[in-house]
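S.K.: sequence? don't have it. structure:
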């Protein structure tokens, strides 16, 4: 009759467990193929994952109780596997400390006893072993004060070290990697604190990062309007500025950053002496590097919505900004005044703007909305352009591409969802 009736219920032997909003129960009904299909009910409670025989009486004992002391299961998913692969890794377990385990459900049932156990079946895989710091993360993660919000927000290549790249996440964690050796070189948390419920992103998280052209500095833009400049090799703190609104408040005797408008883009000038920062406050802030300290020299106002790209001219005298309304404005530096002169012959150090004569051919018929293409980057040699869009496609085009329907090499569905950032390495055609 379109209504649901209670079919089965289980209560832990020790009685009901207090509700935990961070680890609320997820339930999965898994079917194991075979001569006789076997149905299992999986659910997390406390620090344990419980596996029960779905078709057995509700008073029966669990088949397996897998415990994760110090953390807890936040999510799990089972994928049916054919009977010809009975021991395939078919169960994913996500933990509050950021770890992800891929295990065989049959192996979990077969190798465990009836009581609680910490033992995973042989052949299990573990990803993100450093975890997320909060809620039982590893010692490495805890030492960096990482939080359990590991979404990656931006990536960047070091222009002077071709194999070195950096990532930044919503947890406020900046990591530097060597892609050649597949090793992590440095890690630092830049949010400056953990929020009341243990999350760094309550203080804004980290949104964008950019290496200086000389490869010595790394600028990180935060969600609360702050910008932090770090040593590009060690991630040691160099200086900090409150760019997009915000300020400093005193809370319970401690100085904390008041939330400002998020930083959405930043860019060093070609000679590494200037840093432009822009965001949701619709302003462009320009800082000068004076003996390692960045001092504000001008603010440019004129956009109607959030600014999403910044490009310097090669002589660092002109700055171009583009916002989400597809307004492209050019500014004289250091005066900060709008540039009224023609910019057709300006030689740009980078091109990340989604509008302009050199890139007008990248827009396709039927996909002309401002949100369809999210990101673009010109190769450092100036011959190619890469784009990423809402369909998950990555396209490679010649630069400039001015003809309607410009030819491209398309990597269809390169990603399963929106492509937010494409970036060329500084000294190669690799994106």
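M.R.: Ah, there it is. On a predicted model such as this, the values are computed, not experimentally measured, just so you know.

S.K.: what's across from residue 93 in the sheet?
M.R.: Beta bridges link residue 93 to residue 76, residue 101, judged by DSSP bridges.

S.K.: how far away is it from residue 187?
M.R.: 24 Å (Cβ to Cβ, to the nearest Å). Where C-beta positions appear, they are placed from N, C-alpha and C, glycine not excepted.

S.K.: Residue 395 now?
M.R.: Residue 395 is 33 Å from residue 187, by Cβ to Cβ.

S.K.: So those two - more neighbours on which side?
M.R.: residue 395 (23 against 18; other Cβ atoms under 10 Å).

S.K.: Please settle this for me: is that one part of a helix?
M.R.: No: the assignment for residue 395, made by DSSP: H, G, I helix; E, B strand; the rest coil, is strand rather than a helix.

S.K.: and it, what does it touch?
M.R.: Going by Cβ atoms under 8 Å, 6 or more residues apart in numbering, residue 395 touches 362, 386, 387, 389, 408, 409, 410, 411.

S.K.: Let me see the contact set for residue 205.
M.R.: By Cβ under 8 Å, 6+ apart, residue 205 lies in contact with 149, 153, 169, 170, 171, 172, 191, 222, 223.

S.K.: For it, give me the pLDDT.
M.R.: We have a pLDDT of 72 for residue 205.

S.K.: about what we covered before: what's the closest of the contacts of residue 395 to residue 230?
M.R.: Nearest to residue 230 among the contacts of residue 395, counting by Cβ to Cβ, is residue 386 at 26.5 Å.

S.K.: From residue 423, how far off is that closest one?
M.R.: Residue 386 sits 8 Å away from residue 423, going by Cβ to Cβ.

S.K.: With residue 185 instead?
M.R.: Distance from residue 185 to residue 423, by Cβ to Cβ: 18 Å.

S.K.: which one of the contacts of residue 205 sits closest to residue 319?
M.R.: For these, the nearest to residue 319 is residue 222 (21.3 Å; Cβ to Cβ).

S.K.: What count of nearby residues applies to that closest one?
M.R.: 32.

S.K.: thought it was touching residue 266?
M.R.: No: counting by Cβ atoms under 8 Å, residue 222 stays clear of residue 266, with 10.6 Å between them.

S.K.: for residue 358, helix, strand, or coil?
M.R.: Residue 358 ends up helix, using three-state DSSP.

S.K.: element containing the nearest residue to residue 238 once chain neighbours are set aside?
M.R.: Ranked by Cβ to Cβ, 6 or more residues apart in numbering and with sequence neighbours excluded, the top spatial neighbour of residue 238 is residue 229, at 4.5 Å. Using DSSP states H and E, residue 229 sits in strand 226-231.

S.K.: got the contact list for the following helix or strand past that strand?
M.R.: Downstream of strand 226-231, the first helix or strand assigned by DSSP H and E is strand 237-242. For strand 237-242, the surrounding residues in contact (Cβ under 8 Å, 6+ apart) are 217, 225-231, 248, 257, 260, 277, 287, 292-294, 296.

S.K.: avg pLDDT for strand 237-242?
M.R.: For strand 237-242, mean pLDDT is 89.

S.K.: Show me what the biggest helix by length in the chain is packed up against.
M.R.: Determined from DSSP state H, the single longest helix within the chain is helix 105-111. Packing partners of helix 105-111 (3 or more Cβ pairs under 8 Å, 6 or more residues apart in numbering; DSSP states H and E): strand 27-32, strand 38-45, strand 48-53, strand 64-67.

S.K.: Just want the angle from the first one to strand 48-53.
M.R.: To tie it back to what came earlier, the one meant is strand 27-32. Counting by axes from the mean of the first three to the mean of the last three Cα atoms, to 10 degrees, strand 27-32 lies at 50 degrees to strand 48-53.

S.K.: Centre of the chain to strand 27-32, how far?
M.R.: For strand 27-32, the distance from its own C-alpha centre to the chain's C-alpha centre is 31 Å (Cα atoms, centre = their mean, to the nearest Å).

S.K.: In that strand, which residues are buried?
M.R.: Residues of strand 27-32 classed as buried: 28, 30, 32 (neighbour count, 16 or more other Cβ atoms under 10 Å).

S.K.: possible to save the residues you listed as CSV with pLDDT and distance to residue 350?
M.R.: Listed next are these as CSV, based on pLDDT from 0 to 100; distance: Cβ to Cβ, whole Å:
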residue, pLDDT, distance to residue 350
28, 85, 47
30, 88, 50
32, 83, 54
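
S.K.: for the residues you listed, which one is nearest residue 381?
M.R.: Using Cβ to Cβ, the buried residues of strand 27-32 come closest to residue 381 at residue 28, 50.4 Å.

S.K.: which stretches of the stretch 101-250 of the chain form helices?
M.R.: Shown for the stretch 101-250 of the chain, the helices assigned by DSSP state H, counting those that start in this stretch span residues 105-111, 139-143.

S.K.: The ones you listed: lowest mean pLDDT?
M.R.: Sorting the helices of the stretch 101-250 of the chain by mean pLDDT places helix 139-143 lowest, at a mean of 43.

S.K.: Low-confidence regions, the stretch 51-200 of the chain specifically.
M.R.: Per-residue confidence for the stretch 51-200 of the chain (pLDDT under 70) gives these ranges: 98, 112-114, 127-151, 192-200.

S.K.: Can you report how many residues lie near the closest residue to residue 334 other than its chain neighbours?
M.R.: For residue 334, ignoring the flanking residues on the chain, the nearest one in space by Cβ to Cβ, 6+ apart is residue 297 at 5.1 Å. By the criterion of other Cβ under 10 Å, residue 297 has 15 neighbours.
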